[in-house]
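Trainee: predicted coordinates and the sequence they were generated for:
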Amino acid sequence: MELFDAACKALRCLRDAGHESWLVGGSVRDHLMGTAIEDIGEFDIATSARPPQVEAVFQRSFAVGRAFGVVRVAIGEHWMEVATFRTEADYRDGRHPDEVRFATAEEDVQRRDFTVNGLLWNPETDEIVDHVGGREDVRQRRIRAIGDADERLREDALRLIRAVRFGAWHDFQLDDATHEAIRRHASGLTAVSAERIRDELVKITGRPGSRRGDAWRLLVSTGLAEHILGVPPNVPTVAEDAAVIDALHHRHIGLWLAAVLRHAGDISSPPACWRRLGERVADRLRCSAEERECLTSLLAGRARYRGLTPDRLIRVRLAATRDDRALHEDLLSAEGDAQWVLDILARDRELNGHDRPQPLLDGRRLMAAGVTPGPRLGWLLRKVRAGQLSGKLATGEQALDSLGLDSGAI
C-alpha cells in the first residue's frame, strides 16, 4: 500500500466511525502546486475525534502528544499523525502553548502558521476547504501568516525561520506584512533551541527547490541572521554572497555557512582564527561533527587555496588529493575569481592522478634500518613524505638512500 492510499484509508476509517476528518498542511499545499501524489512524503490528518476515540478506531496506535490531541496510527506499514482539532493560547515561552482546547475544524486552521498550510482536503471527493485564503496564496506563490502576523510569530518563534524557508522555496515570495513582522520579532528566535534552528537551516540548504541565496537575503533583511550565527552579517556583500551561494553545486549546510561567513573576518588572518570562527558557529548551531569539520576546514583552507602557485608542488599535491576537495573547489568556483587555482589543481591531477600516494616509508621500516624511536624518526618521515609529494622520491629504496640509510639491511 502506498503512503497516500494509507492516508485515504485512515480518513475513511475515521469518517466511517462518525468523525469529521481531513488531510491538512503541507500535503494539501503540495497537491495544489501540482506535485505528484507519489512525491509527497507526508500526510497529516486533522479530525474531530478525541484521542481515545482515535485509538479506538485503529488497532495499532499510540499517543505522542495526548495533551495536544496527537496520536500516531498505523495503516499497513505506514505510520501517520492524527491530530484532534484544537485551539491554543498563552505561549509564554514563545514556543509551546499553556492552554489547549479541542475545537472545530475552522478554529483549528486559524491557529496554524501560514495560509498555504491552513487548507483542508478530502482526497476522495477532491473537496478543499479554505478558511484563510490559502488557496489564492498558493496560486500567487505567497507566504502569508494566518490572521495577525505579529500574534502568529509571538506564539511560536520557530515560525520566524520557517517563514524564511518557505519564502525562499520554489517560486514563493514572503508577504510584505509577514516580512515586517519577522523584523519586529527577530529577537524572539532566542526562544528556539539550536537544534531546531539547525534543522531548518538543513532544509534551507539541502532540499531541492530551495533558493539558498534568497534565503540568505531574507535572513539578513529580517534581522534573523545575526541571531542565528552569533556574527553580524556583512551587509554590503549580501548580494554578492547570495550569488556565490546560488552558484554552489553541493547542497551542504557546512558549505552554505562557509559562503555566508567568508567576509566575517580578514582573509589574511591565520587559519587558526578562521577555524575558531567556524567552531564557534558550528557549536552554536549544534552541528554534527561532520558538519563542524566541513565548515572549519573550508574557512581555514580558503586563504591557503588562494595562495597556491604551480611551484608549490607539495601544497598543490595535498590540496588536489584531499578527501573534501570537491567542497573546497566548489566554493572557489562559485566565488568566480580564482580560476587559476582550479586550473593548477586540475593540471596536477592530470599529471599525477587523483589519489594521494601511500607513504614510501613507515616508522617500522625506519627502525629496521637503524633509526631509534623519537623525534628524529618523525622528522625523517616528514622529510621523505615531502620528497615523495614533490616528485623527487618514487620508491622506498630511494627514500632510504636519500636519508643515508642502508636499504639492504632491512
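Mentor: Cool, the structure landed. Numbering: from 1, shown residues only.

Trainee: quick check: which element contains residue 277?
Mentor: helix 271-284 (DSSP states H and E).

Trainee: and the lengthiest helix in the chain with helix 271-284, angle?
Mentor: For the chain, the helix with the greatest residue count under DSSP state H is helix 289-306. Here helix 289-306 points in a direction 150 degrees away from that of helix 271-284 (axes from the mean of the first three to the mean of the last three C-alpha atoms, to 10 degrees).

Trainee: which residue packs closest to the most centrally placed residue in the chain, ignoring adjacent ones?
Mentor: Closest residue to the average C-alpha location of the chain: residue 202 at 1.3 Å, with C-alpha atoms, centre = their mean. The shortest distance from residue 202 to any residue other than its chain neighbours is 5.3 Å, reached at residue 253 (C-beta to C-beta, 6 or more residues apart in numbering). Any C-beta I mention is one placed from the backbone N, CA and C, and that applies to glycine too.

Trainee: relative to residue 221, how far out is the residue nearest to residue 113 when sequence neighbours are not counted?
Mentor: Nearest non-adjacent residue to residue 113, counting by C-beta to C-beta, 6+ apart: residue 159, 4.9 Å away. In this view, residue 159 and residue 221 are 17 Å apart by C-beta to C-beta, to the nearest Å.

Trainee: which of these two has more neighbours?
Mentor: residue 159 (25 against 17; other C-beta atoms under 10 Å).

Trainee: pop the domain breakdown of this protein in here.
Mentor: The chain is divided into the following domains under automatic domain parsing: 1-140, 142-306, 363-409.

Trainee: from the chain's centre, how far out does the first one sit?
Mentor: Think domain 1-140. 26 Å (C-alpha atoms, centre = their mean, to the nearest Å).

Trainee: cool, and stretch 257-277?
Mentor: That offset, for stretch 257-277, works out to 20 Å (C-alpha atoms, centre = their mean).

Trainee: now do the buried residues in it.
Mentor: 257, 258, 259, 260, 261, 262, 263, 264, 274, 275, 276, 277 (16 or more other C-beta atoms under 10 Å).

Trainee: do stretch 232-249 as well
Mentor: 233, 234, 238, 241, 242, 244, 245, 248.

Trainee: for residue 173, state which of those residues is nearest.
Mentor: Closest to residue 173 out of those is residue 242 (15.1 Å), distances taken as C-beta to C-beta.

Trainee: the domains of the chain into TSV, with extra columns for distance to residue 333?
Mentor: Output for those, formatted as TSV (distance: least, C-beta to C-beta, whole Å):
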stretch	distance to residue 333
domain 1-140	30
domain 142-306	7
domain 363-409	24
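
Trainee: as JSON lines, those with mean pLDDT would be great.
Mentor: What follows is the domains of the chain, written out as JSON lines (pLDDT from 0 to 100):
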{"stretch": "domain 1-140", "mean pLDDT": "90"}
{"stretch": "domain 142-306", "mean pLDDT": "95"}
{"stretch": "domain 363-409", "mean pLDDT": "81"}
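
Trainee: where exactly do the helices run in the stretch 101-250 of the chain?
Mentor: Remark: helices assigned in the stretch 101-250 of the chain by DSSP state H, counting those that start in this stretch are 105-110, 134-140, 149-155, 158-167, 176-185, 194-206, 212-221, 224-229, 238-247.

Trainee: which secondary structure elements does the second one contact?
Mentor: Helix 134-140 makes packing contacts with helix 26-32, strand 119-122 when contacts are defined by 3 or more C-beta pairs under 8 Å, 6 or more residues apart in numbering; DSSP states H and E.
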